[in-house]
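Asker: Take a look and give me a structure for this.
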Amino acid sequence: MPTVTVGLLGTLDTKGTEYQWVADQLSTYDVKTVVIDAGVRGPRGFTGTIDYTHDKIAQLAGSEIDDLRSRNDRGFAIATMAEGAAVALATLVAQDAIDGALALGGSGGSAIAARAMRDLPVGLPKMIVSTMAAGDVSAYVGANDITLMYSVVDVAGINRVSRAVLGNAAAAMAAMAGARRARQANPPTDDRPLIGASMFGVTTPAVDAARARFEELGYEVVTFHATGAGGRALEALARSGFFAGVFDLTTTELADDLVGGVLSAGPDRLTAAGAAGVPQVVSLGALDMVNFGPQPTVPAKFAGRRFYVHNPTVTLMRTTPAESEELGRRVGAKLAAATAPTVLVIPRGGDSALDAVGQPFWDEEADAKLFTAVSQAVAGTSVAIIDDPANINDAELARRAADELHQLIQRAR
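Answerer: As a prediction, the model looks like this:
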């Protein structure tokens, strides 16, 4: 099997000794390293070969290392070196020169590494040993499969604790990178085209029925939980051309983005497939709700609204007619801008398990505003519409929507 190689990315001006120790540990597993120095002031304590020097990283970001030093602006320097490091890692991956990427650091080093690893392919091992890994790590992980390991002590010298933690990190990276190289040598035989699907608890029956139909048609379905991170991951993979088609039944994250819930995937949600030319079937799943945490955490400005306690940690709030109308406009505008073949599914019987006759979020006025606005927004465009009297979780509707996506994919080939 070809030699396993790991990209070591870090600020060697402050962590050179620690990186040298990790490089030596990796060598005990017969793992080679490609070293990328994203520090500004020159390496200290690192005695091995530096493949991408700090001045080269600055140049890859369109800058010069002397300019970064003279500015005396740490934030600007970190951002610049992060961009250069991202170019270096992307180049190495494109050349199939590394089987994983490993970084160590505090807040600055972690920020550089996270940016540099953000756009690397899913499945390529990516690990950051960080002092920041014990809190909210969403800013570092984003929508990618980055592994964070808490350093326990500061990454400042090799001691009894850091030897254990960094030793585990080196062993884990060696194993992950080796496993990836082995997979590259013997790729899996399952080459079914992939469908990316969005799902929430209140749209699960629909996605389950559609998944069964897709599997009958010869597809593999990858499902994303529409919790913000899930939507961002779906967008990222659609943008990279990972999917043959996208079954975006659950667009609830847009409601959180509009109203201020806790599960927003950002304003760019529902744009990647359309921009990348990936065939898509889209619906309005769970746009009847905005997500919050435990009841006491719901902002006071929403007092008097209609709520449903989904569980002790999740409180749902019904969207109003005005909010529903705006959501319809936003969804429609995104679909109208798509360059991909697109089908919109309008479920007149409600867009979630809670938005059905006799259920807590059934609201004919709000739904009518949503359905009218989205229909008007795509009128005169190439977006096709399935307008059905059923609830979104109706199995027959779900299968019909799956068949529609299959047809779009077949025509796009």
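
Asker: Tell me where the model's unsure across this protein.
Answerer: Along the chain, the model assigns pLDDT under 70 to residues 1-2, 190.

Asker: Would you map the strands across it?
Answerer: If you assign secondary structure with DSSP state E, the strands in the chain sit at 4-10, 31-37, 101-105, 126-130, 146-150, 194-199, 220-225, 245-248, 280-282, 289-292, 307-311, 314-318, 342-347, 384-388.

Asker: mind checking which of those is nearest Glu365?
Answerer: Across the strands of the chain, the minimum distance to Glu365, taken as CB to CB, is reached by strand 314-318, at 11.3 Å. Where C-beta positions appear, they are placed from N, C-alpha and C, glycine not excepted.

Asker: for that closest one, packing partners?
Answerer: Here strand 314-318 is seen to pack against strand 289-292, strand 307-311 when contacts are counted using 3 or more CB pairs under 8 Å, 6 or more residues apart in numbering; DSSP states H and E.

Asker: and it, which strands flank it?
Answerer: In its sheet, strand 314-318 lies beside strand 289-292 (antiparallel), strand 307-311 (antiparallel), with partners assigned from DSSP bridges.

Asker: among the ones you listed, which is the most enclosed?
Answerer: Comparing these on average neighbours per residue, with mean count of other CB atoms under 10 Å, the densest one is strand 289-292 at a mean of 26.

Asker: tell me the domain boundaries of this protein?
Answerer: Annotated domains of the chain cover 4-185, 194-412 [automatic domain parsing].

Asker: Is it possible to get JSON lines of the strands paired with strand 314-318 that adds distance to Met176?
Answerer: Output for the strands paired with strand 314-318, formatted as JSON lines (distance: least, CB to CB, whole Å):
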{"stretch": "strand 289-292", "distance to Met176": "33"}
{"stretch": "strand 307-311", "distance to Met176": "34"}
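
Asker: Quickly list what Val35 is bridged to.
Answerer: When assigned by DSSP bridges, Val35 has beta-bridge partners Leu8.

Asker: Leu287: what's it in contact with?
Answerer: Going by CB atoms under 8 Å, 6 or more residues apart in numbering, Leu287 touches 251-252, 254-255, 319, 324, 327, 331, 351, 370.

Asker: repeat for Ala401
Answerer: When the contact criterion is CB under 8 Å, 6+ apart, the partners of Ala401 are 210, 247, 249, 281, 283, 343, 345, 386.

Asker: Which one (most neighbours) among those residues?
Answerer: If you count neighbours using other CB atoms under 10 Å, the busiest of the contacts of Ala401 is Phe247, which has 33 neighbours.

Asker: from memory Ala114 sits against Gly142, does it?
Answerer: Yes - at 7.2 Å, Ala114 and Gly142 qualify as touching, with contact defined as CB atoms under 8 Å.

Asker: So which of these two has more stuff around it?
Answerer: Neighbour count, other CB under 10 Å: between Ala114 and Gly142, Ala114 has more, with 25 against 18.
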